[in-house]
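# have a look at this prediction, sequence included:
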Amino acid sequence: MSLVYDSLARWSVAWSPTQVPALGLHAGSPTMRTSQKDFNDAVSQVKLLKEDPGNEVKLKLYALYKQATEGPCNVPKPGMLDFINKTKWDAWNALGSLSKEAARQKYVDLVSSLSTSSKSPSPETPAADRKPPEGNSLVVTSEDGITTIRLNRPTKKNALTTQMYHDIIAALQAASKDESTITVLTGSGDYYCSGNDLTNFTHLSAGGLEEMARSGEVLLRDFVDCLIDFPKPLVAVVNGPAVGISVTILGLFDVVYATDRATFHTPFSHLGQSPEGCSSYTFPKIMGSSKAAEMLLFGKKLTAQEACARGLVTEVFPDGTFQKEVWARLKAYSKLPPNALRISKQIIRKQEKEKLHAVNAEESSVLRERWLSDECMNAIASFLSRKAKL
Ligand SMILES: CCCC/C=C/CC(=O)SCCNC(=O)CCNC(=O)[C@H](O)C(C)(C)COP(=O)(O)OP(=O)(O)OC[C@H]1O[C@@H](n2cnc3c(N)ncnc32)[C@H](O)[C@@H]1OP(=O)(O)O
């Protein structure tokens, strides 16, 4: 669970009615009394919500609560790197001179809308309409000669947490030694992967930002090294849009199958970051330097067909038949002699393995610097405060 999530969740816990300070209302007016009672009831109701309302709503609740109880924002703005408190401050400050009464009313209305929408689905609700539970973020299965590593955070568009990078490394190491012939990376839900989880940047240890950047560099290098060295055919089954590192590493896969709903997007400049996953080397090689620059410098988003025309994707399938066609194909390929596949892959990869490792080390080191830059910090703060989407 991310720091932002934890922190926002804690705010709602902190809103226990017993801990809420006096509201400073004039108890004489019946309208005010009703309004204060409604407000207090709403504060209690927040704790009883069955579903997490998400960070955006929690931020609104936080801001309205502060405005209703303390009036317009009256505390100094936290520093740029204090992501969480700055995000909270921004939300409160954005309410300007809204009166305490109006804030209280908006708070009550918001909680009331949440209570209605978070009622349990009726038994008639089709299973397909319900979001899958957020359980294990990575699911690894092995069947029919295929080991499948599935990114499984559909409500976060399969964004990669620090733990997931570690888990993928472990899964790839296990797959390289298991009985399977082919290894597949895919995603659950409507996205393939939205890239690095941007809340990873908020998990600061005692070593602060420098330590976060240093450990990020090591993790990135280990993760990509593992893909460079993977000894069996590695296939990406791109089941939806792909962003950031999930796109760049495709240059290290042997085969990439995509649904026609997929898009491919590397918004590094928008994020004040720089290319990774060996893409500074593989992309120009795959699609030519000017097409690669359009993606890696300017963040041009490609459709699946465009990515296929540029050689990043092997084949595009209609979304309706994507899973059926791709898995049938992979099952057939998994019957091929595993040693022949291994040896052939080894010969192909051998030619440039050393180069790839050198590129990976350099990209990781450059990114470490980028993560400490104002450009990057501002972009992440902007995403976390929901001002920017890519
Ligand atoms: C150690 C190795 C480091 C390697 C470095 C790699 C660099 C990269 O990968 S750069 C790319 C980073 N990714 C992004 O910048 C994508 C950011 N996300 C978005 O722009 C949008 O979320 C989206 C376009 C992917 C999807 O937009 P959509 O409107 O359909 O859905 P949302 O409501 O935005 O998303 C649902 C939910 O998921 C959370 N989320 C999505 N992507 C990320 C992410 N990359 N990091 C953290 N959280 C993400 C989003 O905040 C929503 O959460 P809430 O429901 O709690 O609000």
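Perfect, I can see it now. Residues are numbered from 1 along each chain as shown.

# and for the closest residue to the ligand within the chain, nearest residue in space, chain neighbours not counted?
Closest to the ligand within the chain is residue 244: 2.3 Å, counting by CB to the nearest ligand atom. For the C-beta atoms, the positions are set from N, CA and C on the backbone; glycine is no exception. Using CB to CB, 6 or more residues apart in numbering and skipping residues adjacent in sequence, the residue nearest residue 244 is residue 195, 2.4 Å away.

# and if you look at residue 317?
residue 325 (5.2 Å).

# what about that neighbour, which helix or strand?
Using DSSP states H and E, residue 325 sits within helix 322-333.

# repeat that for residue 147.
Going by DSSP H and E, residue 147 is in strand 146-151.

# give me the sheet partners of that strand and which way each runs.
In the sheet, strand 146-151 lines up against strand 138-143 (antiparallel), strand 182-187 (parallel) (DSSP bridges).

# average pLDDT across it?
Average pLDDT, strand 146-151: 98.

# go ahead and name everything in contact with that strand.
137-142, 158, 160, 164, 168, 171-172, 174-175, 178, 180-188, 192-193, 330-331, 334 (CB atoms under 8 Å, 6 or more residues apart in numbering).

# can you list the buried residues in that strand?
146-151 (16 or more other CB atoms under 10 Å).

# what's the answer for stretch 332-349, then?
Quick answer for stretch 332-349 (16+ other CB under 10 Å): 333-334, 338, 341, 345, 349.

# which residues in this protein form strands?
138-143, 146-151, 182-187, 234-238, 242-243, 255-259, 263-265, 302-303, 315-317 (DSSP state E).

# winner for burial among those?
Most buried of the strands of the chain, by mean neighbour count (mean count of other CB atoms under 10 Å): strand 242-243, with a mean of 28.

# neighbouring contacts of it?
157, 191-195, 250, 262-267, 390.

# just the buried subset of those, please.
Buried, going by 16+ other CB under 10 Å: 157, 191-195, 250, 262-267, 390, out of the contacts of strand 242-243.

# okay if I get those as TSV plus distance to residue 378?
TSV is the format used below for those (distance: CB to CB, whole Å):
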residue	distance to residue 378
157	22
191	25
192	27
193	24
194	20
195	18
250	28
262	29
263	25
264	25
265	20
266	19
267	14
390	14
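
# okay, those in a markdown table with distance to residue 101 and pLDDT next?
Formatted as a markdown table, these follow (distance: CB to CB, whole Å; pLDDT from 0 to 100):
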| residue | distance to residue 101 | pLDDT |
| --- | --- | --- |
| 157 | 39 | 98 |
| 191 | 42 | 98 |
| 192 | 47 | 98 |
| 193 | 45 | 98 |
| 194 | 40 | 98 |
| 195 | 43 | 98 |
| 250 | 55 | 98 |
| 262 | 49 | 98 |
| 263 | 46 | 98 |
| 264 | 50 | 98 |
| 265 | 45 | 98 |
| 266 | 48 | 98 |
| 267 | 42 | 98 |
| 390 | 39 | 62 |
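
# any idea how far residue 169 is from residue 222?
Note on residue 169: its distance to residue 222, by CB to CB, to the nearest Å, is 6 Å.

# and residue 382, what pLDDT?
Note for residue 382: predicted pLDDT of 89.

# how many neighbours does it have?
Neighbourhood size, residue 382 [other CB atoms under 10 Å]: 16.

# and the buried residues of stretch 332-349, which two are furthest apart?
Between any two of those, the greatest separation by CB to CB is 19.7 Å, found for 334 and 349.

# OK, contacts around residue 272?
370, 373-379.

# nearest residue to it in space, please, no chain neighbours.
Nearest to residue 272 is residue 375, by CB to CB, 6+ apart, at 2.9 Å.

# try residue 285
Among residues not flanking residue 285 along the chain, residue 251 sits closest, at 7.8 Å (CB to CB, 6+ apart).

# up against the ligand, what does the stretch 201-350 of the chain have?
216, 219-220, 243-245, 267, 271, 273, 276 (CB under 6 Å from any ligand atom).

# farthest-apart pair in those residues, please.
219 and 267 (20.6 Å).

# now could you export just the CA positions of the strand holding residue 147 as PDB?
Extracted in PDB, the C-alpha atoms of strand 146-151 (Å, rounded to 0.1, in the frame of the first residue of the first chain):
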ATOM      1  CA  ILE A 146       3.900 -21.700 -20.400                       C
ATOM      2  CA  THR A 147       4.800 -19.800 -17.300                       C
ATOM      3  CA  THR A 148       2.600 -16.700 -17.100                       C
ATOM      4  CA  ILE A 149       3.600 -13.700 -14.900                       C
ATOM      5  CA  ARG A 150       0.400 -11.500 -14.600                       C
ATOM      6  CA  LEU A 151       0.500  -8.000 -13.300                       C
END
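
# surely residue 201 touches residue 212?
Yes - with contacts counted by CB atoms under 8 Å, residue 201 reaches residue 212, the gap being 6.8 Å.

# outside of the longest helix that the chain contains, which residues touch it?
Using DSSP state H to define each element, the chain has its longest helix at helix 208-229. With contact meaning CB under 8 Å, 6+ apart, helix 208-229 is reached by 81, 162, 165-166, 168-169, 172-173, 200-201, 203-205, 207, 234, 249, 252-253, 276-278, 349, 353, 356-357, 360-361, 363-365, 367-369, 371-372.
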